[in-house]
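Engineer: Need a 3D model of the following:
(one chain, ligands or ions: 1)
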Amino acid sequence: MILRTLIKTIRDLWKQGYEELKFFSRPDLEVRLLLEKAACWDLKDIFLHLNDPCPSDLARRFKRLCLQRKKGYPLALLLGWKEFWSMPFRIKKGVFIPRPETETLVELALQLPWPENGLVADIGTGCGTIACAIAKERPKAKIIATDISRRAIRLAQENARHLHLKNIAFFSGSLFNCLSSHGLGKEFDLIISNPPYVAESEWSSLSLAVRNYEPKRALVAGPTGLEYIFKLIEGAPFFLRPGGFLAFEFGFGQLEAILTFLKKQGWREIQWKEDLAAVPRALAARWG
Ligand SMILES: C[S@@+](CC[C@H](N)C(=O)[O-])C[C@H]1O[C@@H](n2cnc3c(N)ncnc32)[C@H](O)[C@@H]1O
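Structural biologist: The predicted structure is shown next:
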């Protein structure tokens, strides 16, 4: 059990944490981040204090964090933040935790030839990662970020404010409804989304860390997993200007069905990009 051995210094605390978390894939990183959190230090402070006596309240806070982590509590929720596109995003329970593979979608979207000052919609923005990444890279663009979850929208607004990104507006509502209810029509240059794409039957096979701490509505689309993606493909033409793009993330094994549907609906210039694990992950297509 943690802290059974005598903790005299910060170095001892670090070693104990490593012992506890050694079954995670990157125990060094876990220990470092949890110690930073418990002590309100950065890495430089930790190294400066390694041989200092360890205050008992710090040891208690660190022990609590390590125990929660061991029980499967997501690291991002313990820390309260997660990095995406080299920016720190605040994270709260009840809102989807951003995944690194979504950066593939941002990369693809930034390679598309849409105007620098274009109008972009991020559907299902979660904590605002995609909208903020695009806003950072295209400061002249105007981005509208939407989500069905008010909690997500509040968090995304907080993130945009904290990252000093002023070119994003936030609407709450389902899919395209909140665009039409604000009088918006065929004027978008890019519609981008990381939608729910897990099939209902796959939910029980996801890790407990996901099922216990992330909202099912953010992940599960319906019986096939393709329901939201198909709604995006069907709905986007009513909101894209001629020549505008739809770009979205999708799951393992979904590419063929998506390609067939896109072609049937008349989309052109279809391209997709693999993530770092060489899995096809993000797709873009042009309308009109
Ligand atoms: C997979 S998460 C992606 C979040 C964020 N874009 C990201 O990449 O980290 C899907 C998001 O879609 C939202 N969502 C689910 N159903 C929706 C709907 N009908 N309309 C709009 N957003 C929806 C969820 O609340 C969730 O935030």
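
Engineer: count of residues packed around residue 128?
Structural biologist: For residue 128, the count of nearby residues is 33 (other C-beta atoms under 10 Å). Yep, even glycine has a C-beta here, placed from its N, CA and C like the rest.

Engineer: Next one: the nearest residue to it once chain neighbours are set aside, what pLDDT does it get?
Structural biologist: In space, and not counting its chain neighbours, residue 128 is closest to residue 156: 3.1 Å by C-beta to C-beta, 6 or more residues apart in numbering. pLDDT for residue 156: 98.

Engineer: wait, is residue 156 part of a strand?
Structural biologist: No: checked against DSSP: H, G, I helix; E, B strand; the rest coil, residue 156 lies outside a strand; its state is helix.

Engineer: Run a quick neighbour tally on it.
Structural biologist: Counted with other C-beta under 10 Å, residues neighbouring residue 156 total 29.

Engineer: Touching, residue 42 and residue 36? I think so.
Structural biologist: Yes: judged on C-beta atoms under 8 Å, residue 42 makes contact with residue 36 at a distance of 6.1 Å.

Engineer: which one of the two has more residues nearby?
Structural biologist: residue 36 (15 against 11).

Engineer: what about the more buried one, which helix or strand?
Structural biologist: helix 27-39 (DSSP states H and E).

Engineer: could you say what helices and strands whichever helix or strand comes after that helix packs with?
Structural biologist: Counting by DSSP H and E, the element after helix 27-39 in chain order, helix or strand, is helix 43-49. Packing contacts for helix 43-49, counted by 3 or more C-beta pairs under 8 Å, 6 or more residues apart in numbering; DSSP states H and E, involve helix 10-21, helix 27-39.

Engineer: State the mean pLDDT of helix 43-49.
Structural biologist: Here the average pLDDT along helix 43-49 is 92.

Engineer: Go ahead and produce CSV holding the CA coordinates of it.
Structural biologist: This file holds the C-alpha atoms of helix 43-49, laid out as CSV (Å, rounded to 0.1, in the frame of the first residue of the first chain):
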residue,chain,number,x,y,z
LEU,A,43,8.8,20.2,-13.1
LYS,A,44,11.6,22.6,-12.3
ASP,A,45,10.3,23.1,-8.7
ILE,A,46,10.1,19.3,-8.2
PHE,A,47,13.8,18.9,-9.1
LEU,A,48,14.8,21.9,-7.0
HIS,A,49,13.0,20.3,-4.0
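
Engineer: can you list the residues that contact that helix?
Structural biologist: 10, 14, 32, 35-36, 39, 41 (C-beta atoms under 8 Å, 6 or more residues apart in numbering).

Engineer: okay, the helices and strands packed on helix 43-49 in TSV with distance to residue 110 next?
Structural biologist: Below are those laid out as TSV (distance: least, C-beta to C-beta, whole Å):
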stretch	distance to residue 110
helix 10-21	36
helix 27-39	28
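
Engineer: Figure out which of these is closest to the ligand.
Structural biologist: Nearest to the ligand, of all the helices and strands packed on helix 43-49, is helix 27-39, at 19.6 Å by C-beta to the nearest ligand atom.

Engineer: what about the closest one, average pLDDT?
Structural biologist: Mean per-residue pLDDT for helix 27-39: 96.

Engineer: How about stretch 268-284?
Structural biologist: 97.
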